[in-house]
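Chemist: Quick one, fold the following:
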Amino acid sequence: MAKPKLELADIFLRYGPAWRRANAGHVSLSQLKVMSSIEACRTEALGGHVAACTKCNHQHIGLVTLAFRSLNSFNQVRKVLADGSTRKYFYAWKGGPRLPGKPGDPSFVTAYHDALKTKTETPAGTLQSILNAYQDSPKFLDLSPRSRRDYVRHIRKIEAEYFDFPLAALADRAARGEFLSWRDKLAKKSRRQADYTYSVLALIISWAYDRGMVPTNPCERPGKVYRSERIDSIWSADDEASFLDSAPTHIGLAFTLAMWTGQRQGDLLRLPWTAYNGETIKLRQRKTGARVVIPVGAPLKILLDATPKTTITILATTRMTAWTESGFRASWRKVCQKAGVDGVTFHDLRGTAVTRLAVAGCSVPEIAAITGHSLRQVAAIVDAHYLSRDPALGVSAIHKLEAHEKRTKTPN
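Modeler: Below you'll find the model as predicted:
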C-alpha cells in the first residue's frame with residue numbers, strides 16, 4: 001500500500017512544537033509522551049529492520065511504527081534445549097498464550113493483538129472475569145515472584161477448562177461435584193498438583209465471594225486427594241552422613257546452613273553475608289515476612305568462618321556466582337543421587353530441624369524463634385507430622401523420668 005501523502009505524524013512534527021509552547025503548563029506529561037511517540041512513528045527514533053533479497057541483493061529498510069512499538073509488554077523466555085542450544089519463545093504476557101514467529105512478523109503482531117483482545121474483552125459473568133480480576137488485585141501482586149509464577153501456571157489450567165463457566169452456575173449444587181470430578185481427573189497424573197490447582201481455584205473464588213462478585217464458593221473445604229506421611233520424610237543420621245560424604249564443600253555448606261537454621265531454600269539462596277555478624281544470622285522470610293534472629297551453632301560457625309566471601313550471598317556456585325533456584329536444585333539432585341539418598345528433599349531439612357530441636361528438649365516457642373514458624377505451626381508439626389513415631393523422643397522421655405526419679409526418690 002502506497003504511503004499516504006500526509007500522515008498524522010507530519011502534522012504533529014510541523015505544528016506540535018508551537019502548540020506545546022502556546023499551551024505550556026496546561027499539557028500533562030502523559031499527553032506530551034503521546035505526542036512524542038506519534039512524532040517518532042516510522043522514524044529512525046524507533047529503529048527498524050532491513051529486508052534483503054538473496055537473489056538480486058535489493059534491500060528494503062522498514063522503520064518501526066508506533067503500532068509495533070506498542071508491543072512492549074510481551075514476555076520473552078530463553079530455554080536451553082536438550083542438545084545444549086538455546087531458543088527464544090515469546091508470549092503475549094507472563095503465563096499468556098505463545099506467539100508465533102518473531103517480534104515484527106505480521107503473524108506475531110496479529111497474534112499479540114488477538115491475545116490482548118481476548119484478555120480484555122472477557123465476557124462479564126464468567127469465571128475468566130474473576131480470574132483476570134484476581135491477577136490484577138493487590139492480593140495477587142503482593143505474592144512473591146515465585147508464588148505468582150506458580151499461581152499463574154495453575155490458573156492457566158483453570159482457564160483451559162472453565163474460562164466460560166457462568167458465575168451464576170456456582171450456586172448450583174452440581175457445581176461442586178463438577179469441580180471435584182475435574183480435580184479427580186487431574187489427580188490421575190499427580191495428586192499433589194491436583195490439590196494445588198484446586199486450592200488456587202478455591203482461593204480465587206473465595207476472594208471473589210468476599211467482594212460480592214460470586215454468589216457462593218462451591219470449592220471450600222474439599223479435603224485432599226494427596227496424603228503425605230511427613231514422618232517418613234525426615235533426614236536420618238545415615239542420610240546426613242552419606243550426603244555430606246558425597247557433597248562438595250559449597251553444597252555441604254548449604255546442607256549445614258539449612259539444618260542449623262530451619263529456613264527455606266529460597267531464603268537461604270538469597271542470604272547475604274551482611275546477615276551474618278559472627279554470632280547470629282538475621283533474615284526476613286520472603287514467604288511470610290517474619291523476621292528471625294538465629295544464633296549460629298558451632299558446626300555452622302566453623303564452616304561460615306572458613307568460607308571465602310567471593311559473592312554477595314553466602315551460598316555460591318563454583319564459578320563464584322550466586323545460585324539460581326533451578327541451578328541449585330539440579331546440583332542438589334546430583335549429590336543426592338551420588339549419595340544414594342532417596343525419599344527426602346531439601347525442604348524436608350526444615351522439618352528435620354524442627355524434629356531435632358524437639359528431641360534436644362527445645363520448647364515450642366524456642367523452636368518457633370529459630371525457624372520462623374508460628375507457635376501453632378510448630379505444635380502441629382511436632383504433634384502430628386514428624387514426631388509421633390520418633391523413638392528418640394521415647395528414649396529422651398525415659399531418661400528424663402529416670403533423672404527425675406533419682407532426684408526425688410528417698411530411701412526407706
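
Chemist: how about low-confidence regions in the stretch 251-400 of the chain?
Modeler: Along the stretch 251-400 of the chain, the model assigns pLDDT under 70 to residues 381-394.

Chemist: Go again with 50.
Modeler: Filtered on pLDDT under 50, the stretch 251-400 of the chain yields the residue ranges 387-389.

Chemist: Can you show me the helices along it?
Modeler: Taking DSSP state H, counting those that start in this stretch as the test, the helices found in the stretch 251-400 of the chain are 265-269, 298-306, 325-339, 348-359, 364-371, 375-380, 391-408.

Chemist: now, of the ones you listed, which is deepest in the fold?
Modeler: helix 348-359 (a mean of 22; mean count of other C-beta atoms under 10 Å). The C-beta positions use only the backbone N, C-alpha and C, and glycine is treated the same way.

Chemist: Secondary structure of Phe90: a strand, I assume?
Modeler: Yes. Counting by DSSP: H, G, I helix; E, B strand; the rest coil, Phe90 is found in a strand.

Chemist: roughly how far apart are it and Phe108?
Modeler: Note on Phe90: its distance to Phe108, by C-beta to C-beta, to the nearest Å, is 7 Å.

Chemist: Need the overlap of contacts for these two.
Modeler: 99, 102 (C-beta atoms under 8 Å, 6 or more residues apart in numbering).

Chemist: can you pull the contacts of Ala322?
Modeler: For Ala322, the contacting residues are 269, 311-313, 315-316, by C-beta under 8 Å, 6+ apart.

Chemist: Take those residues and lay them out in a markdown table including distance to Gln285.
Modeler: Shown next, in a markdown table, are the contacts of Ala322 (distance: C-beta to C-beta, whole Å):
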| residue | distance to Gln285 |
| --- | --- |
| Leu269 | 13 |
| Thr311 | 21 |
| Ile312 | 19 |
| Thr313 | 16 |
| Leu315 | 16 |
| Ala316 | 21 |
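
Chemist: Among those residues, name the buried ones.
Modeler: 269, 311, 313, 315-316 (16 or more other C-beta atoms under 10 Å).

Chemist: Just the strands from the stretch 151-300 of the chain, written as ranges.
Modeler: Ranges of strands in the stretch 151-300 of the chain, per DSSP state E, counting those that start in this stretch, are 280-284, 291-295.

Chemist: Please name the strands paired to the last one in the sheet, noting orientation.
Modeler: It refers to strand 291-295. Strand 291-295 pairs in its sheet with strand 280-284 (antiparallel), by DSSP bridges.

Chemist: buried stuff in the strand it pairs with?
Modeler: 281, 283.

Chemist: what's the spacing between that strand and its chain's center?
Modeler: Mean-position distance between strand 280-284 and its chain equals 22 Å (C-alpha atoms, centre = their mean, to the nearest Å).

Chemist: That strand vs helix 364-371, what angle?
Modeler: Inter-element angle recorded for strand 280-284 and helix 364-371: 80 degrees (by axes from the mean of the first three to the mean of the last three C-alpha atoms, to 10 degrees).

Chemist: Quick check: pLDDT value at the closest residue to Gly252 other than its chain neighbours.
Modeler: Closest residue to Gly252 apart from its sequence neighbours, by C-beta to C-beta, 6 or more residues apart in numbering: Leu244 at 5.4 Å. Leu244 is assigned 95 on the pLDDT scale.

Chemist: could you pull out the helices for the stretch 101-250 of the chain?
Modeler: Under DSSP H, counting those that start in this stretch, the stretch 101-250 of the chain gives helices at 106-120, 127-135, 138-141, 145-162, 173-187, 191-210, 237-246, 249-261.

Chemist: now for those, which one comes closest to Ser396?
Modeler: Of all these, it is helix 237-246 that lies closest to Ser396, at 15.3 Å by C-beta to C-beta.

Chemist: which helices and strands does that closest one pack with?
Modeler: Other helices and strands packing on helix 237-246, by 3 or more C-beta pairs under 8 Å, 6 or more residues apart in numbering; DSSP states H and E, are helix 249-261, helix 325-339.

Chemist: between those helices, which gets nearest to Tyr15?
Modeler: Among the helices and strands packed on helix 237-246, helix 325-339 comes nearest to Tyr15, with 54.0 Å by C-beta to C-beta.

Chemist: now the closest one against helix 237-246, angle please.
Modeler: Going by the same axes, to 10 degrees, helix 325-339 makes 110 degrees with helix 237-246.

Chemist: What would helix 325-339 look like as PDB? C-alpha coordinates only.
Modeler: Taking C-alpha atoms only, helix 325-339 is exported to PDB below (Å, rounded to 0.1, in the frame of the first residue of the first chain):
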ATOM      1  CA  GLU A 325      16.900 -21.800  42.100                       C
ATOM      2  CA  SER A 326      16.900 -24.100  39.200                       C
ATOM      3  CA  GLY A 327      20.700 -24.500  39.100                       C
ATOM      4  CA  PHE A 328      20.800 -25.200  42.800                       C
ATOM      5  CA  ARG A 329      18.000 -27.900  42.500                       C
ATOM      6  CA  ALA A 330      19.900 -29.600  39.700                       C
ATOM      7  CA  SER A 331      23.200 -29.700  41.700                       C
ATOM      8  CA  TRP A 332      21.400 -30.800  44.800                       C
ATOM      9  CA  ARG A 333      19.700 -33.600  43.000                       C
ATOM     10  CA  LYS A 334      23.000 -34.900  41.600                       C
ATOM     11  CA  VAL A 335      24.600 -35.100  45.000                       C
ATOM     12  CA  CYS A 336      21.500 -37.000  46.400                       C
ATOM     13  CA  GLN A 337      21.800 -39.500  43.500                       C
ATOM     14  CA  LYS A 338      25.500 -39.900  44.100                       C
ATOM     15  CA  ALA A 339      25.000 -40.400  47.900                       C
END
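
Chemist: Cool, thanks, talk later.
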